[in-house]
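Student: Quick check, what structure comes out for this input:
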Amino acid sequence: MTAEERKPRILIAKPGLDGHDRGAKVIARALRDAGMEVIYTGLRQTPEMVVEAALQEDVDAIGLSILSGAHNTLIPRIMTLLAENDMSDVPVFLGGIIPPEDAEAMKALGVAGVFGPGASIDEISTFIWGVIRGE
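Tutor: The predicted structure follows:
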């Protein structure tokens, strides 16, 4: 099976202390339905746990759901850990409550995309397929 034929592996994680994972589960299911293999880590993951799971699962992209407002602390740490593990080429996308000015800061850190409330499942799925294909 060539790389183009295999299902892309997407890690969905809930870093930090936020205990609300309904949105992450909806996205995980939607991405699975869109033909991707999804690994969901569950709640309350540390940045180290997220990166270790991504490394162990050999994922093609990482989706992070953050509703707690801790993105300015968690995302820089995750991006640093990815770089330290030679995983800077793995696209990261965010969902949750992230103010527009913070979304720009996240993109400056290397985050590929930020999706807030109201983003459609089709929009997110299309974005991820495009990023994985290098479009």
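Student: use CA for all of it now, contacts and neighbours both
Tutor: Will do.
Student: How many residues are close by D60?
Tutor: 20 (other CA atoms under 10 Å).
Student: Contact partners for it?
Tutor: Listed by CA atoms under 8 Å, 6 or more residues apart in numbering, the contact set of D60 reads P8, R9, I10, V90, P91, I132.
Student: Excluding chain neighbours, what is closest to the first one?
Tutor: The shortest distance from P8 to any residue that is not its chain neighbour, by CA to CA, 6 or more residues apart in numbering, is 5.2 Å, and that residue is M36.
Student: sorry, back to before: quick check on the contacts of D60: which are buried?
Tutor: Among the contacts of D60, those scoring as buried are P8, R9, I10, V90, P91 (criterion: 16 or more other CA atoms under 10 Å).
Student: surely the first one meets V59?
Tutor: I take that to be P8. Yes - at 7.5 Å, P8 counts as touching V59 under the criterion of CA atoms under 8 Å.
Student: Just the helices from this structure, written as ranges.
Tutor: 22-33, 47-57, 71-84, 100-108, 121-133 (DSSP state H).
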